[in-house]
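*Asks:* Any chance you could fold what I've pasted below:
(chains A and B)
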Amino acid sequence: MSSIPNKPVPAAPVQQGFVFLPLIAGWLVPGAGHFLLRKWGRGALLAISIVCMFAIGLAMQGKLYSNAHDILEMLGLLGDLGSGLLYIVGRAMGLGTDSVQLTIADWGTRFIVVAGLLNVIAAVDAHNIRTGRKS
Amino acid sequence: MFSPSHFTAVLLFGVFASTVFGITQRETPQRMIRYGLYCFSLFVGSAIVLSWVMYLIAR
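*Replies:* Numbers count the residues shown, from 1 in each chain, chains lettered A, B, ... in the order given. From the prediction side, this is the model:
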């Protein structure tokens, strides 16, 4: 039996920089947190899914929540804010301001809220990869 | 204005949500795909089952 020479094990690369950068970038731009961590495929799929869901919600005449007068509107606003820059740009362009009068517009509103919530999940996932909790 | 049928909306919702769930909740690509397909089947399957339940209740 031949002895296996001891090869020096390369040390795990120590990631420098701001730990929360992927989390913040992922929240602002869907998929950006994974792109920063060079997870190109995952980032692209997340970006496509979240942006498409948000855009389809707007195309269905969904509403972007703009105030928090009651608890339901507050929760909707929190969900919308999860989309980061998508929400801010949408508001700046005056999208999603019509009141919901059709069933399809109600579904669109849910699409937009869920896109924001999914973006938060994706941003937290990027943070977990950054901190080493997930590979 | 984009106005899909109810079932098309469920399919779209299921595809996007399952993609994100699969990528974020599992570690390896193979398990991501399996979990994404599992979530998608649950989304669509539960929508079909609940639709039939509501149809039968309304009769």
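
*Asks:* Show the average pLDDT along the helix or strand hosting residue B:41.
*Replies:* Element membership for residue B:41, per DSSP states H and E: helix B:29-58. Mean pLDDT, helix B:29-58: 96.

*Asks:* Show me what it is packed up against.
*Replies:* helix B:6-25 (3 or more CB pairs under 8 Å, 6 or more residues apart in numbering or on different chains; DSSP states H and E). For the C-beta atoms, the positions are set from N, CA and C on the backbone; glycine is no exception.

*Asks:* Just confirm yes or no for the helix it packs on near chain A.
*Replies:* Yes - using CB under 8 Å from any CB of the partner chain, helix B:6-25 reaches chain A at B:9, B:12-13, B:15-17, B:19-21, B:23-24.

*Asks:* Could I get those in CSV, plus columns for pLDDT and neighbour count?
*Replies:* Shown next, in CSV, are those (pLDDT from 0 to 100; neighbours: other CB atoms under 10 Å in any protein chain shown):
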residue, pLDDT, neighbour count
B:9, 95, 21
B:12, 96, 19
B:13, 96, 21
B:15, 97, 16
B:16, 97, 24
B:17, 97, 22
B:19, 97, 23
B:20, 97, 25
B:21, 97, 21
B:23, 97, 24
B:24, 96, 22
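
*Asks:* and chain A, which residues reach chain B?
*Replies:* So chain A meets chain B at A:42, A:45-46, A:48-50, A:52-53, A:56, A:59-61, A:102, A:104, A:107, A:111, A:114-115, A:118, A:121-122, A:124-125, A:134-135 (CB under 8 Å from any CB).

*Asks:* filter those residues to the buried ones?
*Replies:* Neighbour-count burial within those applies to A:42, A:45-46, A:49-50, A:52-53, A:56, A:59-61, A:104, A:107, A:111, A:114-115, A:118, A:121-122, A:124-125; the criterion is 16 or more other CB atoms under 10 Å in any protein chain shown.

*Asks:* Is residue A:94 part of a helix or strand, or is it coil?
*Replies:* With DSSP: H, G, I helix; E, B strand; the rest coil as the basis, residue A:94 sits in coil.

*Asks:* Report pLDDT for it.
*Replies:* Looking at residue A:94, its pLDDT reads 91.

*Asks:* export the residues of helix B:6-25 next to chain A to TSV and tack on distance to residue A:35?
*Replies:* Output for the residues of helix B:6-25 next to chain A, formatted as TSV (distance: CB to CB, whole Å):
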residue	distance to residue A:35
B:9	29
B:12	24
B:13	25
B:15	22
B:16	19
B:17	21
B:19	16
B:20	16
B:21	20
B:23	13
B:24	15
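
*Asks:* This completes my enquiry, with thanks.
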